[in-house]
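> Sequence plus the predicted model coming up.
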Amino acid sequence: MLVILNSDVLYTNGFVHRSLHKQWQQFADSCRSVNAELVFPSTALYEIELRQSDLYQSELQAIGNARDLLERYGIGFRTRPVPQE
């Protein structure tokens, strides 16, 4: 059995940070349990990559805003370089 995924199925409001979202992992495990093959069309992968890039940029902006706020109020903190893309 083939399971062809599109970006609507994989759309997420959350940045994929350390591991797959729980729902994605459960779905993949269920497919594996019935020997179904998952197919990711290149267009779906491209749309997922774009969405994750947008979410990543939002995360970077939130970190920058938090840093600026702390600095404005004179709150000390250790810094690590934030990657710029």
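Now that the structure is in, tell me what you want to look at.

> end to end, how far does stretch 7-20 reach?
The first and last residues of stretch 7-20 sit 15 Å apart, counting by Cα to Cα, to the nearest Å.

> any idea how far it is from the chain center?
5 Å (Cα atoms, centre = their mean, to the nearest Å).

> Check what contacts it and list those residues.
Residues outside stretch 7-20 that contact it (Cβ atoms under 8 Å, 6 or more residues apart in numbering): 21, 24-25, 28, 43-44, 47-48, 51-52, 55-56, 58-59. The C-beta positions use only the backbone N, C-alpha and C, and glycine is treated the same way.

> again, but for stretch 33-46
Outside stretch 33-46, the residues that touch it by Cβ under 8 Å, 6+ apart are Met1, Leu2, Val3, Ile4, Leu5, Asn6, Ser7, Leu10, Ala28, Cys31.

> List only buried entries from the residues you listed.
Buried members of the contacts of stretch 33-46, counted by 16 or more other Cβ atoms under 10 Å: Leu5, Ser7, Leu10, Cys31.

> Lowest-confidence one in the contacts of stretch 33-46?
Within those, Leu10 has the lowest pLDDT, namely 73.
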